[in-house]
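# Predicted model and sequence below, questions to follow.
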There are 2 protein chains.
Amino acid sequence: MNNEIKKNVPTVVIRRLPRYYRYLEDLLKNNIIRISSTELAKKMNITASQVRQDFSCFGGFGQQGYGYNVENLYNEIGNLLGLRENYTTVIVGAGNLGRALANHASFDRRGFKLVGIFDIDERIIGKKINNITVMHADELDKFVAENRVDIGIITVPRDNVKDVANKLISLGIKGLWNFSYIELKGNDDVQIENVHLTDSLMTLSYNIKKNSQEN
Amino acid sequence: MNNEIKKNVPTVVIRRLPRYYRYLEDLLKNNIIRISSTELAKKMNITASQVRQDFSCFGGFGQQGYGYNVENLYNEIGNLLGLRENYTTVIVGAGNLGRALANHASFDRRGFKLVGIFDIDERIIGKKINNITVMHADELDKFVAENRVDIGIITVPRDNVKDVANKLISLGIKGLWNFSYIELKGNDDVQIENVHLTDSLMTLSYNIKKNSQEN
């Protein structure tokens, strides 16, 4: 398909793509072949016109009168999301969070391949996590020189975040997925996704408080 | 202050509150007393008018001509987010992710108190994580009956998610922070926050792909 992608797609639209993708995956699993923007909107908790507006950023994804072909839409969005690029990842920081991410089945399923895990703790180095032997962080240079690594997942304590990020950037890694409190900034060469787990807990807390005031 | 909170604040605005809160915390730490909507907007990567529009949902938070008083704004937003309510949490599922969350310093700092950790694995039960002894999941009823528990954090394997969620809801817990792939739905009594870590990785992947096409 020759979808025209708008130059500046709003961040909020980009952030909805993974959700569309997940819902479409569920529809596919349930053998649903077509879905209207109205039905999709309901699942997404937005309006049908918002769905059509979102999709128009990427060329529209087919005729709205007949609804969308689920499989096509799933593939198109997966393609947009880079899930067919076979991006590889390394985890730096093999603590609880690093180990949890290493064992996270969804990443594999989505097409991300974990190729290396690094730490500086001698008690962890040499051990296997999800069939990958933990290497010393000093071996990062050599490893990245010899292997294609697209994404660095940063799960080190906050004091080490900047050093690790600078190291990964200097090695030419294209994207950092950063779980530390320290907010990293991207540039033309490196994309950054800062994850603040607490934001989600605070949103939950907002809703609990609001609900308790209304009842 | 007698801020009037609008009845239906858009989700996207609510989701920005934790980010405002974090930025304000940084400003406070740097002894910055006042900030204009323009400066705050820059940090947030949105427009100044968006900032004012966001704040108008909550009564405006003080005069915009003189900028906002950082400490007031920080406290007002913290209050909105329920961070002064001393909400308590339990973690169900003491695997890697559960342990990572149990050790996550930010939650404590934000005013969330972890009071219990539960699992069904006899090898983990009785062990301490962040000074809390892991209990058997069968003890949840008794524990919730005897202790105030506001939020249940669900980090169990996907097959157990629905049972655990139903159990926590039946015990009257007000909010669920769900890390499983299974999407839980809230109702009038229970608020749900589903966390899909992969969404964030897919967004990063989108940006990497887009960037590599432009360069």
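Sure thing, it's come through.
# what's residue A:134 sitting at in phi/psi?
Here the main-chain torsion angles of residue A:134 (degrees, to the nearest 10) amount to phi -70, psi 130.
# With residue A:178 instead?
Main-chain torsions, residue A:178, degrees, to the nearest 10: phi -110, psi 120.
# And for it, the neighbour number?
Taking other CB atoms under 10 Å in any protein chain shown as the criterion, the count of residues near residue A:178 is 24. All C-beta spots, glycine's among them, are computed from the backbone N, C-alpha and C.
# cool, residue A:60 as well?
14.
# Am I right that it sits in a strand?
No - for residue A:60, which was evaluated using DSSP: H, G, I helix; E, B strand; the rest coil, the result is coil, with no strand membership.
# From residue A:148, how far off is it?
Residue A:60 sits 34 Å away from residue A:148 when distances are taken as CB to CB, to the nearest Å.
# Likewise for residue A:191?
Using CB to CB, one obtains 16 Å as the distance from residue A:191 to residue A:148.
# Check residue A:24 too.
Residue A:24 is 29 Å from residue A:148, by CB to CB.
# Compare those two (neighbour count), which wins?
Summary of the neighbour comparison: residue A:24 and residue A:148, criterion other CB under 10 Å, with residue A:24 having more neighbours (24 against 10).
# Just grab the bridge partners of the residue nearest to residue A:128 when sequence neighbours are not counted for me.
For residue A:128, ignoring the flanking residues on the chain, the nearest one in space by CB to CB, 6 or more residues apart in numbering or on different chains is residue A:134 at 7.5 Å. Beta bridges link residue A:134 to residue A:117, judged by DSSP bridges.
# Hmm, residue A:92 and residue A:134 touching each other?
No - here residue A:134 does not reach residue A:92: they are 10.6 Å apart, not a contact under CB atoms under 8 Å.
# Overlap in contacts, those two.
Applying CB atoms under 8 Å, 6 or more residues apart in numbering or on different chains, one finds that residue A:134 and residue A:92 are jointly contacted by A:118, A:119.
# Residue A:211 is in what secondary structure piece?
Here residue A:211 is covered by helix A:197-214, with elements defined by DSSP states H and E.
# Alpha carbons only: can I get that helix in CSV?
Listed next in CSV are the C-alpha coordinates belonging to helix A:197-214 (Å, rounded to 0.1, in the frame of the first residue of the first chain):
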residue,chain,number,x,y,z
LEU,A,197,6.2,3.8,36.2
THR,A,198,5.1,6.1,39.0
ASP,A,199,3.1,8.3,36.6
SER,A,200,0.8,5.5,36.0
LEU,A,201,0.4,4.8,39.8
MET,A,202,-0.3,8.5,40.3
THR,A,203,-3.0,8.5,37.6
LEU,A,204,-4.6,5.5,39.4
SER,A,205,-4.4,7.4,42.7
TYR,A,206,-6.0,10.5,41.1
ASN,A,207,-8.9,8.3,39.9
ILE,A,208,-9.3,6.6,43.3
LYS,A,209,-9.4,9.9,45.1
LYS,A,210,-11.8,11.4,42.6
ASN,A,211,-14.1,8.4,42.8
SER,A,212,-14.1,8.4,46.6
GLN,A,213,-15.2,12.1,46.6
GLU,A,214,-18.0,11.4,44.2
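# tell me the mean pLDDT for that helix?
The average pLDDT for helix A:197-214 rounds to 93.
# from the chain's centre, how far out does that helix sit?
Centroid displacement of helix A:197-214 relative to its chain, using CA atoms, centre = their mean, to the nearest Å, is 24 Å.
# Can the helix or strand of chain A with the lowest mean pLDDT be said to contact chain B?
Comparing every helix and strand of chain A by mean pLDDT, DSSP states H and E singles out helix A:105-109 as the least confident one, with a mean of 82. Yes - using CB under 8 Å from any CB of the partner chain, we find that helix A:105-109 touches chain B at A:106, A:107.
# Not counting its own residues, what contacts that helix?
Counting by CB under 8 Å, 6+ apart, the neighbours of helix A:105-109 from elsewhere in the structure are A:89, A:101, A:114, B:181, B:197, B:198, B:201.
# Can you give me the buried ones in it?
Within helix A:105-109, the residues that qualify as buried are residue A:107, counting by 16 or more other CB atoms under 10 Å in any protein chain shown.
# Also stretch A:163-173?
Neighbour-count burial for stretch A:163-173, counted by 16+ other CB under 10 Å, picks out A:164, A:165, A:167, A:168, A:169, A:173.
# per-residue confidence for the third one?
This means residue A:167. According to the per-residue confidence, residue A:167 scores 96 in pLDDT.
# now it, nearest residue through space, not along the chain?
Nearest non-adjacent residue to residue A:167, counting by CB to CB, 6+ apart: residue A:140, 6.2 Å away.
# average model confidence for the helix or strand hosting the one you found?
Secondary-structure element containing residue A:140, defined by DSSP H and E: helix A:140-146. Here helix A:140-146 scores 97 as its mean pLDDT.
# just checking, what packs against that helix?
In terms of contacts (3 or more CB pairs under 8 Å, 6 or more residues apart in numbering or on different chains; DSSP states H and E), helix A:140-146 is packed against strand A:88-92, strand A:113-119, helix A:158-170.
# Distance from whatever helix or strand comes next after the shortest one to the middle of the chain?
Beyond strand A:88-92 in the direction of the C-terminus, DSSP H and E gives the next helix or strand as helix A:96-102. How far helix A:96-102 lies from its chain's middle: 15 Å, per CA atoms, centre = their mean.
# before we move on, what about stretch A:106-114?
10 Å.
# what stretches of chain A score poorly on pLDDT?
In the predicted model of chain A, residues A:1-4, A:63-65, A:215 satisfy pLDDT under 70.
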